[in-house]
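>>> Quick check, what structure comes out for this input:
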Amino acid sequence: MKQLVEGISKFRRDVFPEHSSLFGELATGQHPEALFITCADSRIVPELITQTKPGDLFICRTVGNLVPPYGDSDSGVGSAIEYAVTALNVPNIVVCGHSDCGAMKAILHPERMDRLPQTRSWVRFAEAAREVVLSKDPKAPEAAQLSALTEENVIAQLEHLKTHPSVAARLARGGLQLYGLVYQIHSGDISAYDANAGSFFPVDGRLPSATPPSRFQFFSTKEVA
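All right, here's what the predicted structure looks like:
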């Protein structure tokens, strides 16, 4: 804890005074640009890999960056989604997976969760991704399966997001954008899911969208007969 105490001292002494005007603005409210859902893994620091400031991201961290479908769990994840979309009116939601994810490894090897009953129950929200990967090539090397699972899991969680009423309503109106990212810890590379192409592409000056087309663009002045 020595490092933690020294860090707090440095923040109060050096960092806070340098950004005091920003913290003054944030003291009475927040207007984040995105809800950023990522893994609880200690190696993932959203503000670092996106180079954002305090107040820019509303962050929700879960094991395996998993998002339970609406009604399947009364976890704080659903509350975070609802608050970000409805109360904060965020225009974007990002689901970010990463390489070497312990949750993804556990999904490939369920036997490793014998002493982790809560984890075993939680990672069921990635079962669809696991089945997709194993159905493609059940004899693929484990490293290839893990990489594919990491990507498929991001896609699966984006689908779960759409089951939440607040998200579904905003998507239907065209008022919300979804993005799926995978961060490579060893290289710093980040790829994004392109819903139109059905594949991941490097983020290099362009961020592909995972947003489905809006389903109704009416609310016209026509009267219902």
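>>> alpha carbons only for contacts and neighbour counts from here, please
Noted.
>>> can you list the weak-confidence ranges in the chain?
Residues of the chain that meet the criterion pLDDT under 70 lie in 73-74, 215-225.
>>> Strands of that one, residue ranges please.
34-39, 57-62, 92-98, 177-183, 190-194, 199-202 (DSSP state E).
>>> now what about the last one, what contacts it?
Strand 199-202 is contacted from outside by Glu151, Asp189, Ile190, Ser191, Ala192, Tyr193, Asp194, Pro208, using CA atoms under 8 Å, 6 or more residues apart in numbering.
>>> right, and the pair among those with maximum separation?
Asp189 and Asp194 (16.2 Å; CA to CA).
>>> neighbour-wise, which of these two wins?
Asp194 (18 against 13; other CA atoms under 10 Å).
>>> and the nearest residue in space to that one that is not next to it in sequence, how many neighbours?
Using CA to CA, 6 or more residues apart in numbering and skipping residues adjacent in sequence, the residue nearest Asp194 is Pro208, 4.9 Å away. Pro208 sits with 23 neighbouring residues when counted by other CA under 10 Å.
>>> of all the contacts of strand 199-202, which comes closest to Glu33?
Of all the contacts of strand 199-202, Glu33 sits closest to Pro208, with 16.9 Å by CA to CA.
>>> Quick check, the closest one in contact with Ala197.
No - counting by CA atoms under 8 Å, Pro208 sits too far from Ala197 to count as a contact (9.5 Å).
>>> so who does the most centrally placed residue in the chain touch?
Geometric centre of the chain, nearest residue: Val95, 2.2 Å, by CA atoms, centre = their mean. Counting by CA under 8 Å, 6+ apart, Val95 makes contact with Phe36, Ile37, Thr38, Asn65, Val154, Gln157, Leu158, Tyr179, Gly180, Leu181.
>>> still on that earlier bit, list the contacts of the residue nearest to Asp194.
Tyr179, Ala192, Tyr193, Asp194, Ala195, Phe201.
>>> again, only using 7 Å
Ala192, Tyr193, Asp194 (CA atoms under 7 Å, 6 or more residues apart in numbering).
>>> What is the neighbour count of the second one?
Residues contacting Tyr193 under the criterion other CA under 10 Å number 26.
>>> cool, and the one 4 residues further on?
Ala197: 11 surrounding residues under other CA under 10 Å.
>>> cool, Ile59 as well?
Neighbours of Ile59 (other CA under 10 Å): 20.
>>> residues in contact with the residue nearest to it when sequence neighbours are not counted?
Closest residue to Ile59 apart from its sequence neighbours, by CA to CA, 6+ apart: Phe36 at 4.8 Å. Residues near Phe36 by CA under 7 Å, 6+ apart: Leu57, Phe58, Ile59, Cys60, Ile93, Val94, Val95.
>>> again, only using 10 Å
Counting by CA atoms under 10 Å, 6 or more residues apart in numbering, Phe36 touches 46-47, 56-61, 65, 81, 84, 92-96, 179-180.
>>> For Ile167, give its distance to Pro17.
Actually, residue 167 is Val. It isn't Ile. To Pro17, Val167 is 38 Å away according to CA to CA, to the nearest Å.
>>> Compare the two and say which is more crowded by neighbours.
Remark: of Val167 and Pro17, Val167 carries more neighbours, 21 against 12, as counted by other CA under 10 Å.
>>> pretty sure that one is touching Leu35, no?
No - distance between Val167 and Leu35: 11.4 Å, which falls outside the contact criterion (CA atoms under 10 Å).
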